[in-house]
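1. pasted the sequence and its predicted model underneath.
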There are 2 protein chains.
Amino acid sequence: MAGTSDNWKTQIRKGYLELCVLLLIQRHRKLYGFDLIERLAEASLHVKEGTLYPILNRMSADGLLGASWETENLKGHPRKFYALTRDGARLLTEMESEFGEMVSIFKNLSK
Amino acid sequence: MAGTSDNWKTQIRKGYLELCVLLLIQRHRKLYGFDLIERLAEASLHVKEGTLYPILNRMSADGLLGASWETENLKGHPRKFYALTRDGARLLTEMESEFGEMVSIFKNLSK
DNA sequence: ACCAGATACCTAGCATTGCAAGGTAACATG
DNA sequence: CATGTTACCTTGCAATGCTAGGTATCTGGT
């Protein structure tokens, strides 16, 4: 069974997904959930809806993201757009540096 | 409170710690727990005993590590040495490649 | 009018992990 | 013999990703 390996893959994504979501929102200034899923997939990150939406709601509740519904000028289902708050941008900077440190530790250990 | 940031730091370590532990054991062929904690600390990874020992036991139970007690030729408390099994080495290779992909995705998203 | 499909969001419950806190045991030193 | 160091282990909590569902709006075909 590939269980052990798959389980690890699930675990290593914890936290990492938040980082990637924040990076994408920063790059595009604002994004809505479904669009995010597609852009993550383009980057080879295949995230399911049941994974992403709780992340967005959590980060909104924590004040890292601001959310606003948009229905005007639109056909189709209304969309909820997310953008970085100042706190979100500050935390993202911290996360990028932290992840960079993890990468450098990994490189030291594997050589 | 710095809770949000600290919480993320806890989450992002999930899975990553296993990777680093396997890397260190591979490099040294065999290691015991307390020694691992010190070597991880040297690499700037400060892991508590209550974090490491469950990892080692789990990976032993999963057949990734082989364990053996050593008391002979030793003064002091007996030590439990761990070494990679073939499955452990195979999974480690997979993990290294997976983590490398995560790094490359991160770089793409942050530039 | 109706039904299927695409778009778009949300939630409940499970399994797994890292961590804090505490416990056990053997040996060395004063 | 009491303290400190080395060394291992376990219980219970908090947090996250995933599976598997559910809801709602619009479009296109028959």
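-> Received the coordinates, thanks. Numbering: from 1, shown residues only, chains lettered A, B, ... in the order given.
2. spatially central residue in chain A, please.
-> Of all residues in chain A, the one closest to the mean position by Cα atoms, centre = their mean is A:Val21, 1.9 Å from it.
3. contacts only, for the nearest residue to it once chain neighbours are set aside.
-> Nearest non-adjacent residue to A:Val21, counting by Cβ to Cβ, 6 or more residues apart in numbering or on different chains: A:Ile55, 6.0 Å away. Yep, even glycine has a C-beta here, placed from its N, CA and C like the rest. A:Ile55 is in contact with A:17-18, A:21, counting by Cβ atoms under 8 Å, 6 or more residues apart in numbering or on different chains.
4. nearest to B:Glu98, of the residues you listed?
-> A:Leu17 (14.3 Å; Cβ to Cβ).
5. now that closest one: how far from chain B?
-> Separation of A:Leu17 from chain B (Cβ to the nearest Cβ, to the nearest Å) stands at 9 Å.
6. quick check: mean pLDDT of the helix or strand where that residue lies?
-> For A:Leu17, the enclosing helix or strand under DSSP states H and E is helix A:16-28. Mean pLDDT, helix A:16-28: 98.
7. so how far is the following helix or strand past that helix off the chain centroid?
-> Scanning forward in sequence from helix A:16-28 by DSSP H and E, the next helix or strand is strand A:31-32. Relative to its parent chain, strand A:31-32 has a centroid offset of 11 Å by Cα atoms, centre = their mean, to the nearest Å.
8. so the helix or strand just after strand A:31-32 versus helix A:16-28, what angle?
-> Next along the chain after strand A:31-32, taking DSSP H and E as the criterion, comes helix A:33-42. Helix A:33-42 and helix A:16-28 meet at an angle of 110 degrees, taking axes from the mean of the first three to the mean of the last three Cα atoms, to 10 degrees as the criterion.
9. quick one: distance of helix A:33-42 to the chain centre.
-> On Cα atoms, centre = their mean, the centre of helix A:33-42 falls 10 Å from that of its chain.
10. follow-up on the earlier one: the helix or strand containing the residue nearest to A:Val21 close to DNA strand C?
-> A:Ile55 is part of helix A:49-61 when elements are defined by DSSP H and E. Yes. If you take Cβ under 7 Å from any atom of the strand as the test, helix A:49-61 does meet DNA strand C, through A:49-50, A:53-54, A:56-57.
11. from those residues, which is closest to A:Tyr82?
-> A:Tyr82 lies nearest to A:Leu56 out of these, by Cβ to Cβ, at 5.9 Å.
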